[in-house]
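Chemist: Just the structure for this:
(one chain, ligands or ions: 4)
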Amino acid sequence: RLIEHELRHAISGGELKLVYQPQMQIDSGEIIGFEALMRWHNRRRGDVPPNVFIPIAEESGLIVELGDWAMLEACREAASWELPLTVAVNVSVVQLHSQDFPQKVHDVLVKTGLPPHRLELEITETALIKDMNRALGTLRQVKSLGVRVAMDDFGTGYSSLSNIRAFPFDVIKIDRSFIKSVDKNQQAAAIVRAVLGLGRGLGLPVLAEGIETSDELRFLTEEYCSAGQGFHLGEPASIEHFDHIVRASR
Ligand code: G
Ligand code: G
Ligand code: MN
Ligand code: NA
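Modeler: Ligands and ions are numbered 1, 2, ... in the order given. Have a look, this model is predicted:
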């Protein structure tokens, strides 16, 4: 396919870039880190949205190369910040199961000098179901480097509850579909409270994704949700946009 061919050349052609979305401590409003999100601008196609090119990259196996690029780029960027904020990188199931993934993570940390605890790998539940034992082995190896691991899009996959117990996560990210209108929707509120209770019981912080309104934020504050992310707190943007934050010496 043509688009696959073009994507193959996107890295070497400098067509990919990362944007960063802030993640905040809910009680203090302090920025704790950023999620790095991939963007592709092609000369002919213009901006291609990630929900178009990521699936193509996954089917073709190109996601391994793209994901490795994103991890290196994000770690290099974060290593240059004056404040010791976290950088979160999305890891696709194909990349997680690729040859020598833990070794690659180790090499990136050595190469960039980023302290391991400042890197967080976001992995979706669906990624874990495919070959559970291997995924668990890989996550344990990655964790042993000192890297943090987040369960992304929590609530949208299968067997959430057994996964959360079996896998060594540091944080649960509640999927944004449950945060939407959580202040008005009884069902969403019940689910979010349940996940917050689960996190509390397991000693895991919970981050709410996709906070779009001050009412949603108020609900999460009142329910003692640890952390949040979303357009209301900050949209994904080039790192230059956050220069004053990552470089501010307080
Ligand atoms: O940034 P946006 O909300 O448009 O992203 C859409 C989807 O693409 C999300 O599910 C997000 O996790 C995914 N995505 C964005 N950047 C990356 C990346 O670097 N690697 C992987 N595997 N997925 C990404
Ligand atoms: O699947 P993942 O959690 O990695 O997805 C991150 C995606 O969510 C990014 O593409 C980002 O652009 C998008 N996103 C971030 N904040 C919001 C928000 O408040 N509302 C919506 N609809 N999407 C958001
Ligand atoms: Mn994510
Ligand atoms: Na998510």
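Chemist: what are the ranges of the helices in this protein?
Modeler: All helices of the chain, identified by DSSP state H, fall at 2-8, 50-60, 63-79, 93-96, 101-112, 125-129, 132-144, 160-166, 176-179, 186-202, 214-222, 243-247.
Chemist: so which of those gets nearest Asp152?
Modeler: Evaluated over the helices of the chain, closeness to Asp152 peaks at helix 125-129, with 7.8 Å, by CB to CB. (C-beta placed from N, C-alpha, C; glycine too.)
Chemist: Show me what the closest one is packed against.
Modeler: Judged by 3 or more CB pairs under 8 Å, 6 or more residues apart in numbering; DSSP states H and E, the packing partners of helix 125-129 are helix 93-96, helix 132-144, strand 148-154, helix 160-166.
Chemist: Same list, the helices of the chain, but as JSON lines with mean neighbour count please.
Modeler: JSON lines is the format used below for the helices of the chain (neighbours: other CB atoms under 10 Å):
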{"stretch": "helix 2-8", "mean neighbour count": "15"}
{"stretch": "helix 50-60", "mean neighbour count": "16"}
{"stretch": "helix 63-79", "mean neighbour count": "21"}
{"stretch": "helix 93-96", "mean neighbour count": "21"}
{"stretch": "helix 101-112", "mean neighbour count": "17"}
{"stretch": "helix 125-129", "mean neighbour count": "19"}
{"stretch": "helix 132-144", "mean neighbour count": "16"}
{"stretch": "helix 160-166", "mean neighbour count": "14"}
{"stretch": "helix 176-179", "mean neighbour count": "20"}
{"stretch": "helix 186-202", "mean neighbour count": "15"}
{"stretch": "helix 214-222", "mean neighbour count": "17"}
{"stretch": "helix 243-247", "mean neighbour count": "13"}
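Chemist: For Glu30, find the nearest of these.
Modeler: The nearest among these, by CB to CB, is helix 243-247 at 10.2 Å.
Chemist: hang on, the earlier thing: reformat the helices of the chain as TSV; add mean pLDDT and distance to ligand 2.
Modeler: Compiled in TSV, these are given as follows (pLDDT from 0 to 100; distance: least, CB to the nearest ligand atom, whole Å):
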stretch	mean pLDDT	distance to ligand 2
helix 2-8	93	18
helix 50-60	95	6
helix 63-79	97	12
helix 93-96	94	13
helix 101-112	98	18
helix 125-129	81	11
helix 132-144	95	17
helix 160-166	79	15
helix 176-179	97	6
helix 186-202	96	14
helix 214-222	98	9
helix 243-247	91	17
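Chemist: nearest to ligand 4, of the helices and strands packed on helix 125-129?
Modeler: strand 148-154 (3.9 Å; CB to the ion).
Chemist: That closest one pairs with which strands?
Modeler: strand 119-124 (parallel), strand 171-174 (parallel) (DSSP bridges).
Chemist: wait, does it contact ligand 1?
Modeler: No - contact of strand 148-154 with ligand 1 is not found when judged by CB under 6 Å from any ligand atom; the minimum separation is 6.8 Å.
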